[in-house]
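Undergrad: Sequence and predicted model, in that order:
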Amino acid sequence: MYNSSDLRKGLKIQIDDEPYLIIDFQFSKPGKGQSLYRCKLRNMITGVIIDRTYRSGDTFEPANLEQRKMQYLYNQDGVFYFMDVETYEQSSLNEDQVGEAKNFLIDNLQVEILLFDKRPIGITLPNFVDLTVTRADPWVKGDSVSGDSKPVTVETGYVLRVPPFIEEGTKITVDTRTGEYVTRVK
Amino acid sequence: MSPGSNNGDSFNGQEQRLAAKKSYLWLRARIIQGIRLFFIENGYLEVETPYLIPAPAPELHIDAVSAGEAFLHTSPELCMKRLISAGYPKLFQICRCFRQGERGQNHLPEFTILEWYRAGIDYHELMDEVEEMIPFVSRSLGFGASIEFQGCAVGLESPWERISVKEAFQRYASMSLESSMDCNRFDEAMVQEIEPNLGVPKPTFLHDYPASLAALARLKQGDPAYAERFELYVAGLEVANAFTELTDAHEQKERFEREREIRRQQGKTVYPLPEKFLRSLHNMPQSAGIALGVDRLVMLFADQPSIDQVVSFTPEEL
């Protein structure tokens, strides 16, 4: 249980049975008045941002969150399936919950799945993932529009720009935070 | 990065932050010198009263830090009023005060108050004196007739704005003063809707608070629903709180008993009644007194949005 005086940026609390992250926090106290704890909170499931003002004496449940190491299995009809590497239990996330991460999900990739009350709500990828190029057009020399890079498609269907020497079948490392090419895998 | 090297980095970071405050700490010292000069030139006696006291004023929302059997003072108010009552008509003090649980962009649990009292005047005459004191300090710093705080230009030349709490609710809030009191939303309305509008383009004296919100102030002459209390705002920042002082010992005791009862109901520490202070009120002349946040004044002149920047150390840096 948290008190108002525990509130701070980064704290995760539960409101109406949903987990919220405090993204902005301000303590105010008008002269001779009571302490007010003004929070901007993001719903960790829906992403919706709300403003709340709390007073001394208010109490909060910590959000019951847990990160589990899981392996990506497959997706079917917009549902992505994962397996807990310790318990072998399966979990799933829908396309919205997976978001951009789907561009980097290859079979057996080890990821972190965020659980709220045992329910999966989000995914964290490793910073770098190796992906195989499945389609690469030859580079047209002197193409001033594209400069010194060209677009390729990787095994997940994701399209990104790479240096001209990358060919079909090459394995490349991609930064999952920026979605950008990092290097060719030797 | 190993935890060890991380600590090393954060220590270096702290040293760098300390060094980066140098101009603000110089400004702070000059502001305090300017304040002192103003009061000395105006015939005030500078006093020091004890920080360690047996009985802080029992105010509902101000929590004292306990120190053994005693408490650290939350303001020097009670001791300074005892001096006024004993025949010292013009007093000022610059001291550290301590309030439990107050920490934010504008709050430190240990902070610096300038408090002054003057016999024979009321709160409107005290506003006049504030209107002289702050521009005096500004001139002593070599600043012009206006200052800029976080993009807001504030002119310091007289007259400053004077607006009652009731009018401020009518002008800025989504509810009336009465309904805010009825539904216990006064503080929220003040912080969210009213304060951001105050103190621009001139400093604002917000005056005449509901009587229940001023435990140590005299009731308004002719309108006892209000108390003769004001707050000074500059560019949205609350800088000072003042009263025409309540000098009726019997009424003061009743108000303290009320505040203590509510504190008891809320499970807060109930401070002993400050009996010697209450007895001294029998001899207290009509006077007005004010507590001004020195750190906040420095924030204004330094144009710094955080109190952390204008003190040498925050509690987290110790």
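TA: Perfect, thanks for sending it.

Undergrad: Please identify the buried residues of stretch B:47-59?
TA: Neighbour counts over stretch B:47-59 (16 or more other C-beta atoms under 10 Å in any protein chain shown) mark B:V47, B:T49, B:Y51, B:I53, B:A55, B:P56, B:A57, B:P58, B:E59 as buried. Where you see a C-beta, it was placed from the backbone N, CA and C, and this is true even at glycine.

Undergrad: Identify each buried residue in the host helix or strand of A:Y72, please.
TA: Taking DSSP states H and E as the definition, A:Y72 sits inside strand A:65-76. For strand A:65-76, burial by neighbour count (16+ other C-beta under 10 Å) applies to A:L65, A:R68, A:M70, A:Q71, A:Y72, A:L73, A:N75.

Undergrad: out of these, who's nearest B:G267?
TA: Checking those against B:G267 by C-beta to C-beta gives A:L65 as the nearest, at 30.7 Å.

Undergrad: Do I have it right that that closest one meets A:E112?
TA: No: in this structure, A:L65 is not within contact of A:E112 by C-beta atoms under 8 Å, at 11.5 Å.

Undergrad: and stretch B:302-313, average pLDDT?
TA: In this model, stretch B:302-313 has an average pLDDT of 97.

Undergrad: anything in that stretch near chain A?
TA: No: Stretch B:302-313 lies out of reach of chain A by C-beta under 8 Å from any C-beta of the partner chain, never closer than 10.9 Å.

Undergrad: for stretch B:172-186, what is the average pLDDT?
TA: Averaging pLDDT along stretch B:172-186 gives 96.

Undergrad: Just give the number of residues close to residue 166.
TA: With no chain named, the answer covers chain A. Close neighbours of A:I166, defined as other C-beta atoms under 10 Å in any protein chain shown, add up to 19.

Undergrad: please go with chain B instead
TA: As a burial measure, B:K166 scores 17 neighbours (other C-beta under 10 Å).

Undergrad: element containing it?
TA: Per DSSP H and E: B:K166 is located in helix B:165-172.

Undergrad: residues in contact with that helix?
TA: With C-beta atoms under 8 Å, 6 or more residues apart in numbering or on different chains as the test, helix B:165-172 has contacts from B:163, B:175-177, B:180, B:189, B:193-194, B:197-198, B:206-210, B:226.

Undergrad: quick one, what contacts whichever residue of the stretch 201-318 of chain B sits closest to chain A?
TA: Of all residues in the stretch 201-318 of chain B, B:N241 sits closest to chain A, at 4.4 Å by C-beta to the nearest C-beta. By C-beta under 8 Å, 6+ apart, the contact list for B:N241 reads A:G31, A:K32, B:R229, B:F230, B:E231, B:L232, B:I290, B:A291.

Undergrad: Minimum pLDDT in those, which residue is that?
TA: If you rank these by pLDDT, A:G31 sits at the bottom with 87.

Undergrad: so which residue of chain A comes closest to chain B?
TA: Ranking the residues of chain A by distance to chain B (C-beta to the nearest C-beta) places A:F27 first, at 2.8 Å.

Undergrad: Kindly confirm my reading that that residue is in a helix.
TA: No: going by DSSP: H, G, I helix; E, B strand; the rest coil, the assignment for A:F27 is strand, not a helix.

Undergrad: Now do the closest residue to it other than its chain neighbours against A:P19, distance only.
TA: Closest residue to A:F27 apart from its sequence neighbours, by C-beta to C-beta, 6 or more residues apart in numbering or on different chains: B:G104 at 2.8 Å. Distance, B:G104 to A:P19, by C-beta to C-beta, to the nearest Å: 25 Å.

Undergrad: Which one's more surrounded, these two?
TA: Neighbours per residue, other C-beta under 10 Å: of B:G104 and A:P19, the larger number sits with A:P19, 24 against 17.

Undergrad: Give me the spatial nearest neighbour of the more buried one, chain neighbours excluded.
TA: Nearest non-adjacent residue to A:P19, counting by C-beta to C-beta, 6+ apart: A:A63, 3.6 Å away.

Undergrad: Might one say that the one you found is in contact with A:D17?
TA: No: A:A63 lies out of contact with A:D17 (C-beta under 8 Å); the separation is 10.1 Å.

Undergrad: who has more neighbours, the two?
TA: Neighbours per residue (other C-beta under 10 Å) separate A:A63 from A:D17, with A:A63 holding more: 17 against 8.

Undergrad: How about the residues of the stretch 151-300 of chain B by chain A?
TA: B:186-188, B:190-192, B:195, B:213-215, B:231, B:238, B:241, B:266.

Undergrad: Give me the buried subset of those.
TA: Using 16+ other C-beta under 10 Å, the buried members of these are B:186-188, B:190-192, B:195, B:213-215, B:231, B:238, B:241.
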